[in-house]
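In: attaching a predicted model along with its sequence, questions to come.
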Amino acid sequence: MSAAGAEHTGRQNADSADRRVTPLELFFDLVFVFALTQVTGFLADDPTWPGAGRGALLLATLWWAWVCYSWLTNAVPAEEAIPARLVILSAMAATLVASLAVPGAFGEYGVLFGVTYFTIRFLHVVLYAIATGEDPEERRAVLRLAPGLLGGPALLVVAGFLDGGAQVTLWVVALAVDYGVALVRGVAGLRVHAGHFVERHGLIIIIALGESIVAIGSAGLELDAGTLLAAFFAVVLAAALWWAYFDLVALAAERRLVAAQGHERARLARDSYSYLHLLMVAGIVFVALGVKKTLASVGDPLAPVPAVALCCGVALYLLGHNAFRLRDVGSVSVPRIVVAAVSCALAFVAVSAPALVTLGVLTMVLAALAAFETASSREFRRKLRAR
């Protein structure tokens, strides 16, 4: 290892456990809460298969903007420098405008969404490049990735002037460029504070779960017995999803990231958190859509798209967590694979049974999974926490 690389790794190891999430980062994440709410609303307003596809594109786009800023604030203590703080706040304002444009992102507000989204990403690259000036290796890494990080968002500006299939195709190409640059060109040279990185992504999972709670209050409820029972099931379901993430594997994954060094740590952070956490966040957003539609009419069957969103959203969350576990600790949970399969099978029931019944069965299955995993891993959990 070169002297510069050794110094870079030494800095990583020295402060990986010291950096924590700052109030500025939490403040920034509030806008992302609104963005998730807007995506759920977009899906609810257009509960069709093309609408679900466009909603997925929107979610992937907004998620990658959040990911880019999570790497920035992980590497740079932006709260300590007034100019950097102002850039972050400006990015917040641009994210708010982009979120407001979400309902019309594939229509009348396409150009507005594209321009504000490009602004968000441009501010990120500029601040990242300037703020890492004292670390030549990291700055070179940022500049190496910059063409892709800006090229993808630039294509979204062009997509705003199009419509139909051409517009959707350009969105897909833009996301392929945006997501692909970190995979093709690599993340060598980027510094990762492990404890901070894990905490930030754990908090964003909580924020996403909060969206499923928000869906309860935004459904225009008539407070009869069926609706109240459905609301109870929805909260228990959200709690079971929280339990699935934070009970065990998150602890082991953090230790794995802390133990990794240099380029290995950056690749692990990219794969496990930047890429694979999207599956879990997407699962939660789809579950929120299903919960919202269930609460709107608890006695009727769900339409096909909300039924798949609710049941397969749970499966996507569990499979995403299994992928996260496989990348981090090299194993998978067979019970979670089984429950994911059962959840997908419930989608066939959901289009004919009352929505309340589907939500209740799904909740009980997830609660049973949480209870089984807790009971069967007590000794492993005790040893893990004792290390």
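Out: Cool, got the structure.

In: use CA for all of it now, contacts and neighbours both
Out: Will do.

In: helices of the stretch 1-150 of the chain, residue ranges please.
Out: Using DSSP state H, counting those that start in this stretch, the helices of the stretch 1-150 of the chain run over 3-15, 23-45, 49-75, 82-100, 110-131, 136-159.

In: which other helices and strands contact the longest one?
Out: What that stands for is helix 49-75. Where contact means 3 or more CA pairs under 8 Å, 6 or more residues apart in numbering; DSSP states H and E, helix 49-75 is packed against helix 23-45, helix 110-131, helix 164-184, helix 194-217, helix 277-296.

In: tell me which residues of the first one come out buried.
Out: In terms of neighbour count (16 or more other CA atoms under 10 Å), helix 23-45 has its buried residues at 24-25, 28-29, 31-44.

In: Val21 and Val291: what is the separation?
Out: Remark: distance between Val21 and Val291 (CA to CA, to the nearest Å) = 30 Å.

In: again, but for Leu149
Out: Taken as CA to CA, the span from Leu149 to Val291 is 35 Å.

In: can you check Arg265 too?
Out: Relative to Val291, Arg265 is positioned 37 Å away (CA to CA).

In: what about those two, which has more around it?
Out: Val291 (30 against 24; other CA atoms under 10 Å).

In: so who does the more buried one touch?
Out: Counting by CA atoms under 8 Å, 6 or more residues apart in numbering, Val291 touches Ser212, Ala215, Ile216, Ala234, Leu310, Leu359.

In: what's the answer for Phe122, then?
Out: Neighbour list for Phe122: Leu150 [criterion: CA under 8 Å, 6+ apart].

In: distance of it relative to Cys68?
Out: Distance, Phe122 to Cys68, by CA to CA: 11 Å.

In: ok, then the element right after the helix or strand Phe232 falls within?
Out: Taking DSSP states H and E as the definition, Phe232 sits inside helix 225-246. Next helix or strand after helix 225-246 toward the C-terminus (DSSP H and E): helix 249-259.

In: what does stretch 171-179 contact?
Out: Contacts with stretch 171-179, where a contact means CA under 8 Å, 6+ apart, come from 57, 60-61, 64, 148-156, 159.

In: got it, and stretch 102-116?
Out: 35, 38-39, 41-42, 54, 58, 94-95, 97-99, 101, 153-154, 156-161, 163, 167.

In: which of the residues you listed count as buried?
Out: Buried among the contacts of stretch 102-116 (16+ other CA under 10 Å): 35, 38-39, 41-42, 54, 58, 94-95, 97-99, 101, 153-154, 156-160, 167.

In: just name the most buried of the helices and strands packed on helix 49-75.
Out: Mean neighbour count (mean count of other CA atoms under 10 Å) peaks for helix 277-296 among the helices and strands packed on helix 49-75, with a mean of 27.

In: can you give me the offset of that one from its chain's centre?
Out: 12 Å (CA atoms, centre = their mean, to the nearest Å).

In: what angle do the next helix or strand after it and helix 23-45 make?
Out: Next in sequence after helix 277-296, counting helices and strands by DSSP H and E, comes helix 304-329. If you take axes from the mean of the first three to the mean of the last three CA atoms, to 10 degrees, helix 304-329 sits at 140 degrees to helix 23-45.

In: buried ones in the helix or strand just after helix 304-329?
Out: Downstream of helix 304-329, the first helix or strand assigned by DSSP H and E is helix 334-350. Neighbour-count burial for helix 334-350 flags Arg336, Val339, Ala340, Ala341, Val342, Ser343, Cys344, Leu346, Ala347, Val349, Ala350 (criterion: 16+ other CA under 10 Å).

In: turn those into TSV, including pLDDT.
Out: As requested, the buried residues of helix 334-350 are exported to TSV (pLDDT from 0 to 100):
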residue	pLDDT
Arg336	96
Val339	98
Ala340	98
Ala341	98
Val342	98
Ser343	98
Cys344	98
Leu346	97
Ala347	97
Val349	95
Ala350	97
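
In: tally of neighbours for Pro236?
Out: No, residue 236 isn't Pro; it's Val. Using other CA under 10 Å, Val236 is surrounded by 17 other residues.

In: so what's it up against?
Out: By CA under 8 Å, 6+ apart, the contact list for Val236 reads Thr363, Ala367.

In: what separation is there between it and Val357?
Out: Val236 is 14 Å from Val357, by CA to CA.

In: which stretches of this protein aren't confidently modelled?
Out: Low-confidence segments of the chain (pLDDT under 70): 1-18, 217-221, 379-387.

In: break it down into its domains, please.
Out: 20-192, 193-387 (automatic domain parsing).

In: if we can go back for a sec, and of the helices of the stretch 1-150 of the chain, who's closest to Leu366?
Out: helix 23-45 (22.0 Å; CA to CA).
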